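Participant: Got a predicted model here, sequence first, then my questions.
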Amino acid sequence: MNKKTMRYKMTRNLKVLFQGILVFVIAIGVTSCDDELLTTVPTDRVSSATFWGSERDFNTGLNGAYDRMMGVNLDPIYFDGATEIAYSHADWMRQHEYVMGRANALSGWSAGIWARNFTGISRANEILARLEQVESGVLTPDATDRIRGEALFLRGYFYHELLWMFGEVPVFTSIPTVKEAREVSRSSREEVYARIDSDLTEAANLLESVLPSSQYGRATKGAALAYHARTALYEASWQDNHEGNASRANELYNTAVDKAQAVMDLNVYSLHPDFRELFTYAGEQSSEIIFDYQKVEGQNGWWAWLGFAPSSMGGNVDVSPTRELVDMFPMADGLTIEESPMYDPVPPRITYANGTPTVETLGRYADRDPRFYGTVLYPGGEFNGAVYNSYPACSGGAPEGYCSPTSDRILSTDFNNTYTGYIAMKYVDPQDQPSPGNSGLNIIKMRLADVMLMYAEAKAELNELDASVNDAIQEIRDRVNLPYPYDVTAMNQQEAIDFIRNERTIELAWEGLHLPDIRRWGSAVNLLNDKTHGIDVANNSGEFNPLPGIHDRSFQAPRDYLWPIPSGERDLNPDLGQNPGY
């Protein structure tokens, strides 16, 4: 059985997510000719007599809503590319103007994300409305509950995304008419959160904890609880760090603790034993994954290999890890690079004899946290049967042992290669090399380790530094056999918060969560106003220094903590207003 047959032994209902989206859009018309006007109700909708007449029709509608979760604007690595842990040498990458501080209401990335999320909300609202109108006997009570639960989960998910990205946004529980869309104002953060709270609470009560493999990729009780925890934690941090509302923040931190604990208490999830494998085909359908976005080669495949694999293996390296991320990973003894006697600060030395490389020393990359090797490829590292060497070209005068005769060499004029010298390892699976722009790797949206770290963070923010916080971190480190030579209960509150934030960053790097994290923590202004750095390279004096990125980053607070309301939406409805600074 080949990898895709094994991984996608699914029902036709789930496959319609990829094969029948166009049919769905034409049939029920939940999106207008353009993506603006908050996806108002169109006039070319077919009669409900010819659609919404079976469970399959409702599944098709749900699949169309799931489809809005991803797209070229929403691949998670590009979100990390807008932070200090990743860098793009190419100035045409979608996140570039955002990290350069030049984003405005005409910027396409945030406008596309706004439209995609509101299209998803419209589709969810359409399903909920049709569910109320469906004729008796068309759906069983169990099917009705499942469909309603999934639609509510989807609407809660899309509003969660809009809340952390844009703050105040309009809240709709039905598809607006043109008149309503042109007159609506944005709801407060509290009102948006209340909508998410209500939707995800009801969804969790309606959805099953475990689904058959044929339904893999659909929302479950665990997914609804986990997203409730994430939304509560994000909003708690915002209230704490941006609004100064400690009382409300503590209420929300407690909600995050309760919902995260509820996920763990389901006892249906467990950490995958192999961290690197989790992000490859071999890790799909792991018991760690709470929710992921389904991809299928040849239908909605993505450029996991083409966009991020080494240049010598056919990749363009759209975004690459930074030294800032690399230095966050501890050593194999569990201590930081500043604390550990194992740390050797010298760069790796790679020599060649008759074209065959020998790694004489790994230096700073030896004996690191195993998660580092599952996240970052570095000079001297082995991948896909080759030694990776991204040092500057030997022909450019770099010293022996610290130069590269390969096409992975760093070159300032090569915009289709890394300029940090690092490669991201998550979602880069050699099985995709023969078809580099058509990966079928599912994209993980929520997993157990994230929930455990959310629990630990919320407990630390409440200054409840008990054994359960240590246990959560210990379990995550045990998965990779990494010692945990610390005791959170012996730390002061800020030390514990900083430690957990670092654990969260290294565990979840390249999963699209660091941008919302540094925005809600209020730390982006300190992290995104300087160059990022890459590998050590030799200067003319033979001294080694980390290579700085060419592009200086810029972050203006408080403006850049939220994205602008797209100008196209405000042209149609000036009552939407605008976020401060735009």
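Facilitator: Cool, got the structure.

Participant: which residues of the stretch 251-400 of the chain fall in helices?
Facilitator: 304-308, 323-326, 370-373 (DSSP state H, counting those that start in this stretch).

Participant: which helices and strands sit right next to the second one?
Facilitator: Helix 323-326 is packed against strand 533-538, with contacts defined by 3 or more C-beta pairs under 8 Å, 6 or more residues apart in numbering; DSSP states H and E. C-beta: built from backbone N, CA, C; applies to glycine.

Participant: can you give me the offset of the strand it packs on from its chain's centre?
Facilitator: 27 Å (C-alpha atoms, centre = their mean, to the nearest Å).

Participant: what do you get for stretch 82-89?
Facilitator: The answer for stretch 82-89 is 14 Å, by C-alpha atoms, centre = their mean.

Participant: who wins for proximity to residue 57 among the helices of the stretch 251-400 of the chain?
Facilitator: Comparing those by their distance to residue 57 (C-beta to C-beta), the top pick is helix 304-308, with 32.5 Å.

Participant: packing partners for that closest one?
Facilitator: Here helix 304-308 touches no other helix or strand, going by 3+ C-beta pairs under 8 Å, 6+ apart.

Participant: Need the helices of the stretch 251-400 of the chain in TSV (columns: distance to residue 469, mean neighbour count and mean pLDDT).
Facilitator: What follows is the helices of the stretch 251-400 of the chain, written out as TSV (distance: least, C-beta to C-beta, whole Å; neighbours: other C-beta atoms under 10 Å; pLDDT from 0 to 100):
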stretch	distance to residue 469	mean neighbour count	mean pLDDT
helix 304-308	34	24	96
helix 323-326	24	24	98
helix 370-373	19	21	98
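
Participant: buried sites along stretch 341-354?
Facilitator: Under the neighbour-count criterion of 16 or more other C-beta atoms under 10 Å, stretch 341-354 has 343-344, 347-350, 352 buried.

Participant: still on that earlier bit, how about the helices of the stretch 251-400 of the chain, which one is nearest residue 236?
Facilitator: helix 323-326 (25.3 Å).

Participant: Next, count neighbours for residue 445.
Facilitator: Each residue near residue 445 was counted by other C-beta atoms under 10 Å, and the total is 21.

Participant: Give me the pLDDT value at the residue lying closest to it once chain neighbours are set aside.
Facilitator: Distance criterion C-beta to C-beta, 6 or more residues apart in numbering; nearest residue to residue 445, sequence neighbours excluded, is residue 291 at 4.8 Å. For residue 291, the model assigns a pLDDT of 98.

Participant: Report the separation between residue 291 and residue 149.
Facilitator: Distance, residue 291 to residue 149, by C-beta to C-beta, to the nearest Å: 13 Å.

Participant: repeat for residue 261
Facilitator: According to C-beta to C-beta, residue 261 stands 21 Å off from residue 149.

Participant: Neighbour count: the two, which is higher?
Facilitator: residue 149 (24 against 16).

Participant: Shouldn't the more buried one be within a strand?
Facilitator: No - the assignment for residue 149, made by DSSP: H, G, I helix; E, B strand; the rest coil, is helix rather than a strand.

Participant: In this structure it contacts residue 202, no?
Facilitator: Yes - assessed by C-beta atoms under 8 Å, residue 149 is found in contact with residue 202 at 7.4 Å.

Participant: Tell me the span between the first and last residue of stretch 171-185.
Facilitator: End-to-end distance of stretch 171-185: 9 Å, with C-alpha to C-alpha, to the nearest Å as the criterion.

Participant: Could you give the separation of it from the chain centroid?
Facilitator: Between the centre of stretch 171-185 and the centre of its host chain there is 29 Å, according to C-alpha atoms, centre = their mean.

Participant: Stretch 534-544 now?
Facilitator: Taking mean C-alpha positions (C-alpha atoms, centre = their mean), stretch 534-544 and its chain are 33 Å apart.

Participant: any idea how far stretch 505-525 is from the chain center?
Facilitator: 10 Å.

Participant: tell me the contacts of residue 500?
Facilitator: By C-beta atoms under 8 Å, 6 or more residues apart in numbering, the contact set of residue 500 is 453, 456-457, 460, 469, 473, 488.

Participant: got any residues that touch both of residue 291 and residue 149?
Facilitator: With C-beta under 8 Å, 6+ apart as the test, residue 291 and residue 149 both reach residue 219.

Participant: Distance check, residue 117 against residue 162.
Facilitator: 5 Å.

Participant: Give the residue spans of the stretch 151-300 of the chain that score low on pLDDT.
Facilitator: Nowhere does the stretch 151-300 of the chain drop to pLDDT under 70.

Participant: what about the strands in it?
Facilitator: 289-293 (DSSP state E, counting those that start in this stretch).

Participant: right, and residue 270 touches residue 449 too?
Facilitator: No - in this structure, residue 270 is not within contact of residue 449 by C-beta under 8 Å, at 10.5 Å.

Participant: in the chain, which residue is closest to the centre?
Facilitator: Geometric centre of the chain, nearest residue: residue 512, 2.5 Å, by C-alpha atoms, centre = their mean.

Participant: check contacts around that residue.
Facilitator: Residue 512 makes contact with 75-80, according to C-beta under 8 Å, 6+ apart.

Participant: try 7 Å this time
Facilitator: 76-77, 79-80 (C-beta atoms under 7 Å, 6 or more residues apart in numbering).

Participant: could these be laid out in a markdown table, adding neighbour count, secondary structure and pLDDT?
Facilitator: Converted to a markdown table, the contacts of residue 512 look like this (neighbours: other C-beta atoms under 10 Å; DSSP: H, G, I helix; E, B strand; the rest coil; pLDDT from 0 to 100):
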| residue | neighbour count | secondary structure | pLDDT |
| --- | --- | --- | --- |
| 76 | 21 | helix | 87 |
| 77 | 23 | helix | 88 |
| 79 | 24 | helix | 95 |
| 80 | 27 | helix | 96 |
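
Participant: List the buried residues of stretch 97-107.
Facilitator: Buried residues in stretch 97-107, counted by 16+ other C-beta under 10 Å: 97-99, 103, 105, 107.

Participant: picking up where we left off before, out of the buried residues of stretch 341-354, flag the one nearest to residue 284.
Facilitator: Nearest to residue 284 among the buried residues of stretch 341-354: residue 348, at 32.7 Å, using C-beta to C-beta.

Participant: What about the closest residue to that closest one other than its chain neighbours, how many residues nearby?
Facilitator: Excluding its sequence neighbours, the residue lying closest to residue 348 (C-beta to C-beta, 6+ apart) is residue 380, at 3.6 Å. For residue 380, the number of neighbouring residues by other C-beta under 10 Å comes to 24.

Participant: From the rest of the structure, what touches stretch 74-91?
Facilitator: Here stretch 74-91 has contacts from 93-96, 98-99, 113, 116, 302, 308, 318-322, 324-325, 415, 419-420, 424, 443, 505, 509-512, 514-515, 518, 527-528, 532, 549-551, using C-beta under 7 Å, 6+ apart.

Participant: can you give me the end-to-end distance of that stretch?
Facilitator: So stretch 74-91: terminal residues 18 Å apart, C-alpha to C-alpha.

Participant: gap between that stretch and the chain center?
Facilitator: Centre-to-centre, stretch 74-91 and its host chain are 11 Å apart (C-alpha atoms, centre = their mean).

Participant: same thing with stretch 249-260?
Facilitator: The answer for stretch 249-260 is 22 Å, by C-alpha atoms, centre = their mean.

Participant: residue ranges of the helices in the stretch 451-582 of the chain, please?
Facilitator: Taking DSSP H, counting those that start in this stretch as the criterion, the stretch 451-582 of the chain carries its helices at 467-479, 493-508, 514-520, 524-527, 567-572.

Participant: in stretch 204-212, what counts as buried?
Facilitator: Neighbour counts using 16+ other C-beta under 10 Å place 204, 206-208 of stretch 204-212 among the buried residues.
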